[in-house]
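# the following comprises the amino acid sequence and a computationally predicted model.
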Amino acid sequence: MGSTLNKQNVLIVDDEYLARQSVKIMLQKRDSVGEVFEAENGSQALDVYKKKQPDIVFVDIQMPGINGIELAKLLPQDCHLVFATAYDEYAVTAFELNAVDYLLKPFNETRFEKAWNKIQQRVRDKVNDKTNFGDVAQLIQHLSEEQGQSYRKRLVVKDPGRIRLVDIDDINYICGAGNYAELHLIDCAEVLHRETLTTLEKQLDPQKFIRIHRSTIVRRDSIVELRPNERGDYSVELRCGKVLTLSRTHKDKLDSLLN
């Protein structure tokens with residue numbers, strides 16, 4: 001590797017300039033850092049790596065061309081690699097693997113310090129059982145493909161101190177609450193999710209969920225009865241006994257529900 005005098009040289013790979021600068025600023029505060037190189041895409045990163053042989057690479061996952069997953073497969077296994085991503089699913093995978101570290105954007109100084117200390121421990125211990133980034137990347141690719149599907153299979157809900165996975169099949173109905181959505185589960189549990197109802201509607205399979213009100217999305221097979229009201233809207237009763245409203249502005253959904 002290209003380190004000298006017990007300092008580690010670092011390569012930052014991210015297509016966003018501000019993201020690279022953020023990592024660079026945090027690195028500059030650490031005495032163990034030698035030279036810092038930058039690349040804005042995977043192809044450029046490979047060129048820089050071949051010329052400079054950095055010890056550590058911070059790489060974004062979502063990039064045009066060669067993305068972070070593909071880049072990981074091309075780097076040698078003795079490279080200390082830290083993924084950065086804006087997607088919670090990748091972070092959850094990292095927790096399960098405990099093989100390479102992930103920085104979930106936006107990350108703070110404390111989280112960066114944790115990742116840096118983990119790398120330094122590996123450097124000090126001269127770990128010989130190298131991480132198989134090919135296997136790690138393959139698993140992440142699987143999640144990436146799921147992320148890229150038209151409709152979500154699960155939602156990742158961030159609670160204080162933890163990340164919770166909620167299967168779409170466990171959701172009974174959803175109510176909007178400003179920039180949040182209240183997920184009402186089939187087991188009667190309620191989960192607050194930081195996502196607008198409009199955003200969620202695009203992520204849910206319309207064959208399974210339907211928006212019946214500006215503040216309500218309901219699971220189709222949870223509906224057991226529709227009752228017209230004098231105001232021109234409909235009362236929608238669910239299996240659990242909950243009664244919601246299909247508003248007049250969404251009456252065009254009635255045929256879809258009946259069919």
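Structure's in. What do you need? Numbers count the residues shown, from 1 in each chain.

# got the contact list for the closest residue to residue 71 other than its chain neighbours?
Closest residue in space to residue 71, ignoring its immediate chain neighbours: residue 42 at 4.4 Å, by CB to CB, 6 or more residues apart in numbering. In short, each C-beta sits where N, CA and C put it, glycine included. By CB atoms under 8 Å, 6 or more residues apart in numbering, the residues touching residue 42 are 13, 63, 65, 66, 67, 68, 70, 71.

# helix/strand/coil for the residue of the chain most remote from its centre?
Distance from the centre of the chain peaks at residue 230, with 44.9 Å (CA atoms, centre = their mean). Reduced to three states with DSSP: H, G, I helix; E, B strand; the rest coil, the structure at residue 230 is coil.

# now do the contacts for it.
So residue 230 contacts nothing (CB under 8 Å, 6+ apart).

# residue 244 reaches residue 233, doesn't it?
No: shown here, residue 244 and residue 233 do not form a contact pair, counting by CB atoms under 8 Å, at 10.4 Å.

# count of neighbours near residue 17?
10 (other CB atoms under 10 Å).

# how about it, phi and psi?
As for residue 17, its main-chain torsions (degrees, to the nearest 10) stand at phi -60, psi -50.

# residue 16 now?
phi -100, psi 120.

# excluding sequence neighbours, find me the nearest residue to it.
Nearest non-adjacent residue to residue 16 (CB to CB, 6+ apart): residue 60, at 7.4 Å.

# any idea what that neighbour is bridged to?
When bridges are called by DSSP bridges, residue 60 pairs up with residue 84.

# what of residue 33?
residue 8.

# so it makes contact with residue 27?
Yes: Residue 33 is in contact with residue 27 according to CB under 8 Å; the separation is 4.8 Å.

# following element in sequence after the helix or strand containing residue 199, please.
Applying DSSP states H and E as the criterion places residue 199 in helix 197-203. Sequence-wise, the next helix or strand downstream of helix 197-203 (DSSP H and E) is strand 209-213.

# check which helices and strands the helix or strand following that following strand sits against.
Downstream of strand 209-213, the next assigned helix or strand under DSSP H and E is strand 216-219. When contacts are defined as 3 or more CB pairs under 8 Å, 6 or more residues apart in numbering; DSSP states H and E, strand 216-219 sits against strand 171-177, helix 197-203, strand 209-213, strand 243-246.

# in its sheet, what does the shortest one sit against?
Strand 243-246 has the following sheet partners, assigned by DSSP bridges: strand 234-238 (antiparallel).

# end to end, how far does stretch 219-226 reach?
14 Å (CA to CA, to the nearest Å).

# may I see the buried residues of it?
Residues of stretch 219-226 classed as buried by neighbour count (16 or more other CB atoms under 10 Å): 219, 222, 223.

# same check, this time on stretch 34-48
For stretch 34-48, by 16+ other CB under 10 Å, it's 34, 36, 37, 38, 39, 40, 41, 42, 44, 45, 46, 48.

# distance check, the first one against residue 56.
Which is residue 34. Using CB to CB, to the nearest Å, one gets 10 Å for the distance from residue 34 to residue 56.

# what's the answer for the fifth one, then?
The span separating residue 39 from residue 56 equals 13 Å under the rule CB to CB.

# got any residues that touch both of the two?
By CB under 8 Å, 6+ apart, the residues touching both residue 39 and residue 56 are residue 11.

# what is whatever helix or strand residue 158 lives in packed up against?
Take DSSP H and E as the rule and residue 158 turns out to sit in strand 154-159. On a contact count with 3+ CB pairs under 8 Å, 6+ apart, strand 154-159 meets helix 88-97, strand 162-167, strand 190-193.

# hang on, the earlier thing: dihedrals phi and psi, the residue nearest to residue 71?
Dihedral angles for residue 42 - degrees, to the nearest 10 - are phi -60, psi -40.
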